[in-house]
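Chemist: Give me coordinates for this.
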Amino acid sequence: MGLGGGLGSIFRYLTSVVVTKYFQTAFPLATFTANILGCLIIGLLLGLFERQQLTNPDLKFLFITGFCGGYTTFSAFASENINLFQSGNSLTAFLYIGTSILVSLFAVWLGLTLTKMY
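Modeler: This next block holds a predicted model:
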């Protein structure tokens, strides 16, 4: 699990660097992107595990708990929302919260659905 978490954290950092390099906005797009991609990856992995009937708990810990846990950043999400509220950007905070939740749920569903199609 530690190896997966470490790799997830590295990929999270790289995602942040790339998104921040190309998109400068008040909206926390780097964290949003990592959370949505992480949810999609979790959905894909869960679907693949189910489809392939993989029941090895070590693989689930490595990829789902480890990698995806290291990659997604809901603690940063919470902190950024507090900062948005404290700086008077309540509308941006509510937009960020709402879209993160809705699009994350959709991404997990999409990942599960894609693995059932092929």
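Chemist: separation between the residue nearest the centre of the chain and Q53?
Modeler: The structure's the chain has its C-alpha centroid closest to N35; by C-alpha atoms, centre = their mean the separation is 2.3 Å. N35 sits 29 Å away from Q53, going by C-beta to C-beta, to the nearest Å. Every C-beta, even on glycine, is put in place using the N, C-alpha and C of the backbone.
Chemist: repeat for C39
Modeler: Using C-beta to C-beta, C39 is found at 23 Å from Q53.
Chemist: Mind jotting down where the helices sit in the protein?
Modeler: Along the chain, the stretches classed as helices by DSSP state H are 2-22, 29-51, 57-60, 69-71, 74-86, 90-117.
Chemist: could those go into a markdown table alongside mean pLDDT?
Modeler: Formatted as a markdown table, the helices of the chain follow (pLDDT from 0 to 100):
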| stretch | mean pLDDT |
| --- | --- |
| helix 2-22 | 96 |
| helix 29-51 | 93 |
| helix 57-60 | 90 |
| helix 69-71 | 94 |
| helix 74-86 | 91 |
| helix 90-117 | 96 |
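Chemist: Phi first, then psi, for the residue in the chain sticking out farthest from the centre.
Modeler: Most distant from the centre of the chain: G88, at 26.0 Å, with distances by C-alpha atoms, centre = their mean. Dihedral pair for G88: phi 80, psi 10, per degrees, to the nearest 10.
Chemist: Distance check, it against G47.
Modeler: 42 Å.
Chemist: so what's I64 closest to, chain neighbours aside?
Modeler: Once flanking residues are discounted, I64 sits nearest to L45: 5.6 Å by C-beta to C-beta, 6 or more residues apart in numbering.
Chemist: these two touch, right, that neighbour and F63?
Modeler: Yes. With contact defined as C-beta atoms under 8 Å, L45 counts as touching F63 (5.3 Å).
Chemist: In this structure I41 contacts L112, no?
Modeler: No. Contact criterion C-beta under 8 Å: I41 and L112 do not qualify, at 11.6 Å.
Chemist: intersection of neighbour lists for these two?
Modeler: Between them, I41 and L112 share no contacting residue under C-beta atoms under 8 Å, 6 or more residues apart in numbering.
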